[in-house]
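Peer 1: give me a model of this one.
(one chain, ligands or ions: 1)
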Amino acid sequence: MPRYKNGEAPLSDLVYLGPDFYLPAGTAARWAELRRLGVGKYGVLLVVTPGWNGYRPLDVQVRYKRELGILAAVPGYSSHGLSYQGRDCAAVDVYNWRSLAPSNESLAWARFVALCRAVGFTVDFVSPREEWHIGDFDPFNVPAFAAIVIKPETTAKPDPLEDEDMATIISSTIGQSFAIAGLVVPFTHPDEVRGTKSTAGLPVSIVEMPAAVHTRILDADARRRAADPAEVLPIVVYAEGGDGTVYIFDDGEVRYLTDPDVMNDLLARGAMSVTWPQHEIDSLRKQQGE
Ligand SMILES: [Zn+2]
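Peer 2: Below is the predicted model of the structure:
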C-alpha cells in the first residue's frame, strides 16, 4: 500500500526545494544527484517545470484538470500525487532536458535517459508519452550515492568561506545568482529570489558586489564547467539479460568495456555502476549509430 493517499501528503513531510516544488526525501536526493551529473557531464543544470510539477496536492490536481482538461490526469490518479497504480511514486517534470544536446533531440534523450537511470529515476512510464516526466518508485528511501563519481584530484578545493551546505546569494546591479555546492546559477526573476529561503536552518549569506565581479564569477564558472568535462567518471554498465558484456557510459555514449583493468580501475576510483536491460543498451547504441 502506498504511504499516502494520492495528493494527501502533508507538505511538512516533504522537502521544500522551491516555490510550489516539494519532493519526498529520497526523490529529492535523486533529483540533486541528477542535477549534479547534468552539470558535471554536460554543463546543463536541469530544472523543474515551473508550477506544482514535483509533488502535486489533490486540490492542485483538481485545478490543473479544470484548466488543462484531457491533458491532465484524473485527480487522485496523478503520478505526481505520491501514489501510482498502488505503489509509492513521486514524479518530476524536467523543463530543459533537451538542453543536454541542444541541436540533437535523440542524443539529448539518450543522455537524459541514461542520467535518469543512473540515479534511479524511471522514464517514459505514462501514456500518452511525456518525455519530461520522470518517476521515482522508491521515494522515501534516501539513496547512498556513496561512490559519488567525482575524482578527488579534479574536485575543486572548497572555498574556506563556503562549505558544501553554505548557500550564498550573490547580488549586484546585473541581478542575483545563487551559489551552492560549487555551482553558480543566475536567478532569472525576482520571484525566484523571494522564493528562496532556508527552511532547515542552514546558513544563507548574501554578498553584494560590483557588477563586473559578478560577471567574472559567472564567466569563471562557465569556463570551469566547459574545461572540465572529465569531472565525472564514466558509469560502468552491466547488461541484464545479456551475455555478460560490460559497457561504459561516458559523454552520452555507451561503449564496450573490453579491458578488465580499466573496469577495475574505474570502480576503485569510485565510478558508479548500474544494470540496464540489454535491449535498452542495444537501443541506445543504435541511436548512436552503431
Ligand atoms: Zn508530469
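Peer 1: for the ion, give me its nearest residue in this structure.
Peer 2: For the chain, the residue closest to the ion is His133, as judged by CB to the ion, at 3.6 Å. C-beta coordinates here come from the backbone N, C-alpha and C atoms, glycine included.
Peer 1: count of neighbours near that residue?
Peer 2: 19 (other CB atoms under 10 Å).
Peer 1: wait, what's in contact with the residue nearest the centre of the chain?
Peer 2: The chain has Leu34 as the residue nearest its centroid, 2.7 Å off, counting by CA atoms, centre = their mean. Applying CB atoms under 8 Å, 6 or more residues apart in numbering to Leu34 gives the contacts Leu46, Leu115, Cys116, Val119, Phe121.
Peer 1: which positions in the host helix or strand of it come out as buried?
Peer 2: Leu34 belongs to helix 25-42 when assigned by DSSP states H and E. Under the neighbour-count criterion of 16 or more other CB atoms under 10 Å, helix 25-42 has 26-42 buried.
Peer 1: number of nearby residues for His279?
Peer 2: His279 has 12 neighbours, counted by other CB under 10 Å.
Peer 1: what pLDDT does Ala179 get?
Peer 2: With respect to pLDDT, Ala179 has a value of 83.
Peer 1: does it really touch Pro186, like I thought?
Peer 2: No - with contact defined as CB atoms under 8 Å, Ala179 and Pro186 do not form a contacting pair (10.4 Å).
Peer 1: between these two, which one's more packed in?
Peer 2: Ala179 (19 against 14).
Peer 1: residue contacts, the more buried one?
Peer 2: Glu162, Ala167, Thr168, Ile169, Ile170, Val185, Ile217.
Peer 1: which parts of the stretch 101-250 of the chain sit against the ion?
Peer 2: His133 (CB under 5 Å from the ion).
Peer 1: strands of the stretch 101-250 of the chain, residue ranges please.
Peer 2: Using DSSP state E, counting those that start in this stretch, the strands of the stretch 101-250 of the chain run over residues 122-123, 133-136, 167-172, 175-180, 183-186, 204-208, 235-240, 246-250.
Peer 1: flag every buried residue along the fifth one.
Peer 2: For strand 183-186, burial by neighbour count (16+ other CB under 10 Å) applies to Val184, Val185.
Peer 1: follow-up on the earlier one: any idea of the angle the helix holding Leu34 forms with strand 246-250?
Peer 2: 80 degrees (axes from the mean of the first three to the mean of the last three CA atoms, to 10 degrees).
Peer 1: how far does the helix or strand following helix 25-42 sit from the chain's center?
Peer 2: On the C-terminal side of helix 25-42, the closest following helix or strand by DSSP H and E is helix 58-68. Its chain's C-alpha centre and that of helix 58-68 lie 26 Å apart, by CA atoms, centre = their mean, to the nearest Å.
Peer 1: give me the contact list for helix 58-68.
Peer 2: Against helix 58-68 from outside (CB under 8 Å, 6+ apart): 6-8, 52, 56, 72-76, 78, 80-81.
Peer 1: so can I have TSV of the residues you listed showing neighbour count and distance to Ala212?
Peer 2: Shown next, in TSV, are the contacts of helix 58-68 (neighbours: other CB atoms under 10 Å; distance: CB to CB, whole Å):
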residue	neighbour count	distance to Ala212
Asn6	23	51
Gly7	21	48
Glu8	12	51
Trp52	21	39
Arg56	26	42
Ala72	17	46
Ala73	18	49
Val74	10	54
Pro75	19	51
Gly76	15	53
Ser78	25	47
His80	25	43
Gly81	26	47
